[in-house]
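Student: attaching a predicted model along with its sequence, questions to come.
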Amino acid sequence: MSERYVFWLQELGQEHCETFGKKCGNLGEMAKIGLPVPPGFALSVEAYKNFMTQTNARGEIENYLCQLGGNIENIEQFNQTSKDIRQIAESKEMPDAMKELILSYYDQLCRKCNCADIAVSTRSAGPASHPGQYETYLNVKGKTDLLEKIRKVWASSFNPRSLAFRKRKGLPLENDPIGVAVLKMVNARAAGVVFTADPNTGDTSRMIIEANWGLGESVVSGELMPDVYILKKDTLGIHEKKLGRKSKYVTCKELGVAEEECPADLSGAFCLTDEEAKEIGRLGILLEKHFGLPQDVEWAIERDSELSKGIIILLQTRPAVIAQKKSPVDQVADLMLNLFSKR
Amino acid sequence: MLRPAYDLTFYEFDDERDPKIYDVLLCDLVHGKPPLKPLYFGIGWYWYVYAIMNAAETLRLPTTKGWGYRVVDGYPYITAIRTSQKEAEERGPIFREEIKPFIENFDGIWDPFKSELMGIYKQAKESRGLREWDDIKKLSNIDLLKFFMDFAFVINRKEAEIHMLMLVASYYINGLFQQMWREIFGKEAAIDPAFHRLMTGYEAQDSRVFRELWKLARKAVHMGLENAFKTENNEEVLKDLEKSDEGRKWLKEYREFLVEHGWRCERMHAYDNPAWIEKPGLAIGRIRLLLPQESFAFDTERGRVIQEREETEKEVLAKLPVEKREWFGTLMKSAQKSGYWSEDHTYFCDFYVGAMGRWIVTEFGRRFAEAGCIDHPEDIHFLHANEIRKAAIPMADVNLRPYVERRKEAWERSFKLDPPPFYGNIQKAQEVLRSDPTLSVSTQLPIVREELKADLYGAAAAPGVVEGVARVIMGADQLSELKKGEILVAPGTSAAWTVAFSFVKGLITDGGGALSHPVIMAREYGIPCVAGCLEGTKKIQTGMKVKVDGNLGVVYILK
């Protein structure tokens, strides 16, 4: 019998970051220490490998690349190569045993959530952290949709930016095994990120929360001005809050999600209560303490269920990329240049 | 049309062209009043302007390449040679790196420079077997000429390069500090007593020199020589002391003091004022003033001043948000050190090199007069360095009088003139001053505050309010006219005037910003001071009653 390649989240921990991808490992770790993460399961990188080998997608991709002779030089070529390879991977039917195994977990998840065809998100999880490199699919419903989106997540390891990244790093193009997290979809009223240190200044006495109405994708993509809360870490007091220009937000449709204009009454109002902001901050501190480093955390607040209303759910955590704090001399030199270069 | 400037090529002001090139030229009242003589313009002044440019290029100052300058009617006018936008962008990143060592450790750069300068002066004297002022008479004409050229082209150049590099860094650091002060506390640093408390209580070399003088005064008292100082005539004092064993013993010590610390002229940037070592009577006047002082004012004040400074440091940092404290602390420290530098450097730079220049040119004056090239030794100041260089070889067969005469006439005319404070478009002055903060060493625009209805507006240089009778003093040679408790009104003062600070009640100067010499010294001595009010010596006359408000930086003429 081959290695087990589907696990419940709570069975995972940090030690599984290599085999299931960092997102899965960290979600498992959060579940293990009792933090609120959505129920769900994860596919290891072995699942990816099995799929690619058993369907012979791997062989076809290798052939394709072989014929190309490594001649990918410009964006059009990356786009075309990517399109062709993804086509190869996505067109493969999932082997029956794999299909059954994954669907058995999905069935159990549906039962657990007391809902047929429960909506899930299928999230990519690379063993190395490349935020935003692979695709994630939201509000996925039913078995067919789920299996298709899992294949799409795997195939996204051949999207143009992944190919370009591997090419630049001299890594093999034909293969980039990633894990997949299948999580119960959080139909968020509001969502966003929290940095447990100021990423711009390296100030570790502060936390920064960015939030918008709807799903967190609008915040993560960085295309609009979210609400910003600056919290003092020692007291969780709100040091400052800035109302964003939340012109759009991302919301669940029947299937999938869409970006919509934000109604005027919402765009002009803060999307979190101060208590919610503090609770997000509290969770952030717990994560930072547990992982021993400032964290960059995605969170969401459930909209639907009366039961879970107002509960903050954590969707991801990873070490925050913090600007190296500049030395005081460098800070003064910057001010000096700023003042004395005005003509 | 070019306005003649003592035949100094390129120094002439072009009425039509220059205002277009430079926007505005501002009169350097601090150094240039009374008017400088041609010889100094050609040597000391040249090297300073050169060295400002050298510093601007070394540090790649983003907005200025140094000073543009002209001499109009004997007065120096300065402005910034501004860079283009493109140049500013190219220079900026290099400047950012070059200025960092100064921010990090100002003293660490200055201390080795001090030793280097003292080494250069020592070597210049010892290699020629010179120690006392009159020793230079032993040099042959050719050796004197060599010394002159070494001085004019090597020693003075080196001094100027170090001096101006430090000066530029000091002014940029202080400029930033004052700007941040304005932004954070909403106050002009120049008129904020807290700012002045921060800059005070560091022991500059001049304080050490004056402590030595005070010790000599104490010795004179202990040796029972006080009576010798009763006469106002300093030369008489020296003669009187020669008469007794104790007196001669004291004079021997005084002589040693002068050999060590007497290399300073009463006026910093000029060769036409005697040095202490040249005219020992000069410092006798200082000692007379110190005789009644049982303790050295600087030392008794110092503990309090340092304590106040340290308390102010804490208060200032406590007012800042946590995240600003670290860099502000770093900036504050380097601003304090560079402020201290502006007082410390005068001994090693301005004074020493000035006295050495005077030493050499005075000897040339003596020889030229003796050889019949000029009428009086002092006429040497109306010649140029290259004329001295050429005339020094035949010495006897050259008639330098025609050169001297017309320049002397021009200088005498200038002396009686009241120089206009600027040429060009005064509206551009703020912009020009901003583009080159070092200009404020010589010239600054007063902060006029109509609502105070004052007669003069300047920088609140040293806190306190005082009323008293004004005494207008145009040069160090007039210092003896000062009476205890008067308010000194001067174009600017050099550190050589410091001794007057122990008995004047207040100080008003025409030139100079927050880091200029008078300002720092007044702060040390706790005398209310308003600096840089442009027209103090013009509007105030000796005997007028005035009120100096050193907290607000304004002066009221009472009657």
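Tutor: Great, that's in hand. From a predicted model like this one, the values you see are computed outputs, not experimental measurements.

Student: C-alpha only now, for contacts and for neighbours.
Tutor: Fine.

Student: where does pLDDT dip in the chain?
Tutor: No chain was given, so I picked chain A. Applying pLDDT under 70 to chain A flags the ranges A:1-2, A:70, A:129, A:131, A:304-310, A:323-324, A:343.

Student: chain B, not that one
Tutor: Where chain B drops to pLDDT under 70, the residues are B:441-448, B:493-499, B:512-518, B:520, B:524.

Student: in it, what residue is nearest chain A?
Tutor: Closest residue of chain B to chain A, CA to the nearest CA: residue B:327 (4.3 Å).

Student: which is the next helix or strand following the host helix or strand of residue A:298?
Tutor: In this structure, residue A:298 is located in strand A:295-302 according to DSSP states H and E. Next along the chain after strand A:295-302, taking DSSP H and E as the criterion, comes strand A:312-319.

Student: packing partners for that following strand?
Tutor: The elements that strand A:312-319 packs onto, with contact taken as 3 or more CA pairs under 8 Å, 6 or more residues apart in numbering or on different chains; DSSP states H and E, are helix A:22-32, helix A:274-291, strand A:295-302.

Student: rerun that using 7 Å as the cut-off
Tutor: For strand A:312-319, the packing partners by 3 or more CA pairs under 7 Å, 6 or more residues apart in numbering or on different chains; DSSP states H and E come out as helix A:22-32, strand A:295-302.

Student: with adjacent residues omitted, what lies nearest to residue A:48?
Tutor: Leaving aside its sequence neighbours, residue A:48 sits nearest to residue A:177 (CA to CA, 6 or more residues apart in numbering or on different chains; 5.7 Å).

Student: residues contacting that neighbour?
Tutor: Taking CA atoms under 7 Å, 6 or more residues apart in numbering or on different chains, we find residue A:177 in contact with A:45, A:48-49.

Student: swap the cut-off to 8 Å and go again
Tutor: By CA atoms under 8 Å, 6 or more residues apart in numbering or on different chains, the residues touching residue A:177 are A:45-46, A:48-49, A:126, A:154, A:157.

Student: please, a ChimeraX command that selects the buried ones among those residues?
Tutor: Buried residues within these, by 16 or more other CA atoms under 10 Å in any protein chain shown, are selected in ChimeraX with:
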select /A:45,46,48,49,126,154,157
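
Student: so which of the contacts of residue A:177 is the closest to residue B:72?
Tutor: For the contacts of residue A:177, the closest approach to residue B:72 (CA to CA) belongs to residue A:126, at 75.1 Å.

Student: how close does the closest one sit to residue A:90?
Tutor: Residue A:126 sits at a distance of 19 Å from residue A:90 (criterion: CA to CA, to the nearest Å).

Student: likewise for residue A:322?
Tutor: In this view, residue A:322 and residue A:90 are 37 Å apart by CA to CA.

Student: so which residues of the stretch 201-350 of chain B form helices?
Tutor: For the stretch 201-350 of chain B, the helices defined by DSSP state H, counting those that start in this stretch occupy B:205-222, B:234-242, B:245-261, B:281-290, B:297-319, B:322-346.

Student: a markdown table for those, including mean neighbour count and distance to residue B:74?
Tutor: What follows is the helices of the stretch 201-350 of chain B, written out as a markdown table (neighbours: other CA atoms under 10 Å in any protein chain shown; distance: least, CA to CA, whole Å):
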| stretch | mean neighbour count | distance to residue B:74 |
| --- | --- | --- |
| helix B:205-222 | 19 | 30 |
| helix B:234-242 | 17 | 32 |
| helix B:245-261 | 16 | 31 |
| helix B:281-290 | 21 | 27 |
| helix B:297-319 | 15 | 38 |
| helix B:322-346 | 21 | 24 |
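
Student: of all those helices, which one is nearest residue A:133?
Tutor: Nearest to residue A:133 among the helices of the stretch 201-350 of chain B is helix B:322-346 (34.1 Å), distances taken as CA to CA.

Student: residues from the stretch 201-343 of chain A in reach of chain B?
Tutor: The stretch 201-343 of chain A has residues A:203, A:327-337, A:339-343 near chain B, with proximity defined as CA under 8 Å from any CA of the partner chain.

Student: who in the stretch 101-250 of chain B is up against chain A?
Tutor: Within the stretch 101-250 of chain B, the positions near chain A by CA under 8 Å from any CA are B:103-104, B:172-173, B:176.

Student: among the residues you listed, name the ones in helices.
Tutor: Per DSSP state H, helices hold the following members of those: B:103-104, B:172-173, B:176.
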